[in-house]
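>>> Model the structure of this input:
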Amino acid sequence: MIAKARDLQNNILLTTIRKLGDNSEESYVIFDAKKNYSIIDWNDSFCKLTNATSSQILNKDYFSMLPSKMQMTTIEMIKEKVHNGAMVKAKLHHNCFEKPPFWAEIQALPFQNNEDETLFVLLLVKDVTYYHTEEFLICLEKAMYEAIEKDNPFDKKMGIVCKSINEFFMPYVNSMILIKTEANQFRVFTANCNSSELSEISDCNEFYHRAMQEEAFILAENLEEIELPLAHKKFATSFNKRSGCFVPIRNQQQQVIGLFAIFHNHYPSDPTFVVNVFGKIGSLVALAYAYAKTQKKIWDLAYMDITTGLPNRHSFVNRIENEKEQGQRGFIKILKPSEFHQVVELYGREAGDELLRQIAKRLNENKNEHNEYIARFTSSSLIISYMTPHEDLTNYDRRIKELIRQPFTIVGKQIYITLKTGIASFDKDIKIADAIRFADNALSYAVNKSGTHMEVFTKERNDVLEQQMQVLNHLSHALKNKEISVNLQPKVDLRTGEIQSIEALARWISPTLGFVSPAAFIPVAENAGKVREIDTQILEQVLAWLAERQGLGKKLVKVAVNISPDHFYYPQFVQDILQLVQKYNIDPSYIILEVTENIGLVDFQTALAIIQELKSYGFKTSVDDFGTGFSSLSYLQRLPFTELKIDRSFISDINDAATLAIVRSIIQLALNLGMTSVAEGIENEEQVEILRALGCTVGQGYFYYKPMPIEQLDAILDV
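Residues are numbered from 1 along each chain as shown. Down below sits the predicted model:
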């Protein structure tokens, strides 16, 4: 019977884990942590990602799908953390079936039983090869431009490229760059500048000559079977590399200027990936090569986007600054295709570049004025300047819709797109950098709208940004002068209407700014690292009030104080709180510390230790706004919270059948875990009746009491 009950519990847990996996909308597997990490469930997305069939996955040790030899430390770290019940994220190589490996970002969520044994692990897997490669290429491009700006020697630039390639493919690859000379020889460059065995000059033998004639590259499985210079073979052997890939380096005119010699040990890779990556790296090599020949030409290229042929952001800013200095006024537009990232994910980064190139071409073909300048702004957007004091945006809207009426041809496929535009004006009083920032801000609003849409940056939005800066500027002064005060809102017993406990809410009335909403100053405080100080001031005011009532022999009521994640994980958090209650001689049982539901996902083991320590001293703990974040049931059942607060968004919509089901589940969950369920935002009798029927015992909201000053609550409690 015990075994059957355990199997039933495990099946229930697996069902919950599957739902979490399905809700994540990511590729996932579930493996049994107690049975050699054998895979017991997965979704179709994981099969597609790894090119696997169900029979190939079932009961397979998941970690055998990771190239373990070079990633052993990371794999052991993952195993250790999941066995300790901690969530873990990692980025590593992931194998496929009959396909090259990919870079994966994995997120492992362990689920444990009551004996703290990890039973199952939900592992979300995301292919981040594109982003990993993108980051590498961006960093390399940045390093190359910095070397060019510093006018570093050509050999140092090539050393940067080789070192970057070696680090990106580490430990699979060691690279060499061969650049043609006018004497039909090669200049040889590696990341190991002190390699005395390599000559700086090498002959262009028959094999290298043939490799340069290749459209893509030559793959040599065994270096001993091809004709390479002896020094180059020794170079490869010194790094224990037995194979090689030889990729032509072409300049912008598609003329071959040299070769990449990539020495490896059968590093499996998609040929398209090799062509694309080394094509882009080759563009940087060609750029440095051209600079070495003609400094003026490279200066011009530094102001071009090498993937689209469009002017880049630097070119754009320089040109518009010059126009502005001549008294010109105008508009700046940032234009982004909504489907850019889907195009890149489906067809590759070059397809995204081609889409932007075609959009820019259509814009240039359909412009009515010659005083318009188009450049690439980011990897996914264009930036346009229009020099005019006034612009009819209706005409622009019509022009954009006409521009996308016909499909774009990308990699032989016709695709339709929508375009988002952020628009801002500039004149003698508005800096170009500010105008670009304003247009970018407007674009962030536009991307959240459906269809083709444009947003104009308004003074109101600027006022919001200025208000945030004002709040930040006054916040330190407010904390120093203790301007942050407390309002109290009772939580009542839904059966009797009696006050059961109280929530302390921060309020700020600034002598300069007036009333500042918590929705405005709390996020600013969090970003500025000052929210811990606000938490402490609120708690101290609450303790002083309780101490005053205690000294007068009046009734004390438990008070809940919100604690930010930054404060919660502060190393001295528990001791600081304990010292405060001891300072005011208040029993810790009168203090409820409220945290958000995602607190355990940050660092479960630390959160568990903190909450257990708080409990040992007598403090109560509460999960605030439950249901609005992502909670793992496996950690929620292990964290000894006292309260589970149901977010007000559910209460306001409780008449909806689906919402009602969620509220019922949360109340039942709290009951099963031995917690008190607290409904926030109650506004009418109907909501009270529903909550009572569902078994909720405590609530708060305007139906009972609004937040009030301490003196007003004193009068209520003293009746």
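>>> Could you identify the helix or strand that succeeds the helix or strand bottoming out on mean pLDDT in the chain?
Every helix and strand in the chain was compared by mean pLDDT, DSSP states H and E; the lowest is helix 295-301, with a mean of 56. Downstream of helix 295-301, the first helix or strand assigned by DSSP states H and E is helix 313-325.
>>> for the record, mean pLDDT for that following helix?
Rounded to a whole number, the mean pLDDT of helix 313-325 is 85.
>>> helices or strands up against that helix?
Applying 3 or more Cβ pairs under 8 Å, 6 or more residues apart in numbering; DSSP states H and E, we find helix 313-325 packed against strand 330-337, strand 372-378, strand 381-386, helix 432-446. For the C-beta atoms, the positions are set from N, CA and C on the backbone; glycine is no exception.
>>> contacts for the shortest one?
With Cβ atoms under 8 Å, 6 or more residues apart in numbering as the test, strand 381-386 has contacts from 310, 313, 316, 319-320, 323, 330-336, 340, 356, 359-360, 363, 369, 371-377, 436, 439, 443.
>>> what's downstream of that strand, the next helix or strand?
helix 393-403.
>>> ditto for the last one
As assigned by DSSP H and E, the chain's next helix or strand after helix 432-446 is strand 453-456.
>>> Ranking the helices and strands packed on helix 313-325 by mean neighbour count, which comes first?
Across the helices and strands packed on helix 313-325, averaging neighbours per residue (mean count of other Cβ atoms under 10 Å) puts strand 330-337 on top, at a mean of 24.
>>> any chance you could map the helices in the stretch 101-250 of the chain?
129-149, 154-169, 206-213, 230-238 (DSSP state H, counting those that start in this stretch).
>>> Check which helices and strands the host helix or strand of residue 257 sits against.
Using DSSP H and E, residue 257 sits within strand 256-264. When contacts are defined as 3+ Cβ pairs under 8 Å, 6+ apart, strand 256-264 packs onto helix 154-169, strand 173-180, helix 206-213, helix 230-238, strand 243-250, helix 271-293.
>>> Quick one: distance of it to the chain centre.
35 Å (Cα atoms, centre = their mean, to the nearest Å).
>>> Not counting sequence-adjacent ones, nearest residue to residue 201?
The shortest distance from residue 201 to any non-neighbouring residue, by Cβ to Cβ, 6 or more residues apart in numbering, is to residue 185 (5.4 Å).
>>> need the contact list for the one you found.
201, 202, 203, 204.
>>> so the second one touches residue 184, yeah?
No. Residue 202 lies out of contact with residue 184 (Cβ atoms under 8 Å); the separation is 11.1 Å.
>>> contact partners of stretch 253-265?
165, 169, 172-180, 186, 208, 211-213, 223, 232, 235-236, 239-251, 278, 281-282, 285-286, 289.
>>> make it 7 Å
172-180, 186, 208, 211-212, 232, 236, 239, 241-251, 278, 286, 289 (Cβ atoms under 7 Å, 6 or more residues apart in numbering).
>>> before we move on, the earlier item: more neighbours, residue 202 and residue 184?
residue 202 (19 against 9; other Cβ atoms under 10 Å).
>>> OK, contacts around the nearest residue to the more buried one once chain neighbours are set aside?
In space, and not counting its chain neighbours, residue 202 is closest to residue 186: 4.5 Å by Cβ to Cβ, 6+ apart. Residue 186 sits next to 178, 179, 180, 201, 202, 204, 258 when contact means Cβ under 7 Å, 6+ apart.
>>> So, low pLDDT: which residues of the stretch 451-600 of the chain?
Within the stretch 451-600 of the chain, the ranges that satisfy pLDDT under 70 run 461-462, 464-465, 597-600.
>>> In it, what residue spans correspond to helices?
Under DSSP H, counting those that start in this stretch, the stretch 451-600 of the chain gives helices at 459-480, 518-528, 531-551, 565-568, 573-583, 599-602.
>>> can those go into JSON lines with extra columns for mean neighbour count and distance to residue 116?
Output for the helices of the stretch 451-600 of the chain, formatted as JSON lines (neighbours: other Cβ atoms under 10 Å; distance: least, Cβ to Cβ, whole Å):
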{"stretch": "helix 459-480", "mean neighbour count": "14", "distance to residue 116": "41"}
{"stretch": "helix 518-528", "mean neighbour count": "17", "distance to residue 116": "33"}
{"stretch": "helix 531-551", "mean neighbour count": "19", "distance to residue 116": "31"}
{"stretch": "helix 565-568", "mean neighbour count": "18", "distance to residue 116": "22"}
{"stretch": "helix 573-583", "mean neighbour count": "16", "distance to residue 116": "22"}
{"stretch": "helix 599-602", "mean neighbour count": "20", "distance to residue 116": "15"}
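>>> distance between stretch 398-415 and the chain's centre?
30 Å.
>>> Output that stretch as PDB, restricted to C-alpha atoms.
Extracted C-alpha coordinates of stretch 398-415, given in PDB (Å, rounded to 0.1, in the frame of the first residue of the first chain):
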ATOM      1  CA  ARG A 398       0.500  55.800 -46.100                       C
ATOM      2  CA  ARG A 399       4.100  55.500 -47.600                       C
ATOM      3  CA  ILE A 400       5.000  52.700 -45.000                       C
ATOM      4  CA  LYS A 401       1.800  50.800 -45.700                       C
ATOM      5  CA  GLU A 402       2.500  51.000 -49.400                       C
ATOM      6  CA  LEU A 403       6.000  49.900 -48.900                       C
ATOM      7  CA  ILE A 404       4.900  46.600 -47.200                       C
ATOM      8  CA  ARG A 405       2.000  45.900 -49.500                       C
ATOM      9  CA  GLN A 406       4.200  43.600 -51.600                       C
ATOM     10  CA  PRO A 407       6.000  40.700 -50.000                       C
ATOM     11  CA  PHE A 408       9.800  40.700 -49.500                       C
ATOM     12  CA  THR A 409      11.800  37.900 -51.100                       C
ATOM     13  CA  ILE A 410      14.100  36.300 -48.500                       C
ATOM     14  CA  VAL A 411      16.200  33.200 -49.300                       C
ATOM     15  CA  GLY A 412      13.800  32.500 -52.200                       C
ATOM     16  CA  LYS A 413      10.700  32.800 -50.000                       C
ATOM     17  CA  GLN A 414       8.100  35.500 -50.100                       C
ATOM     18  CA  ILE A 415       7.300  37.000 -46.700                       C
END
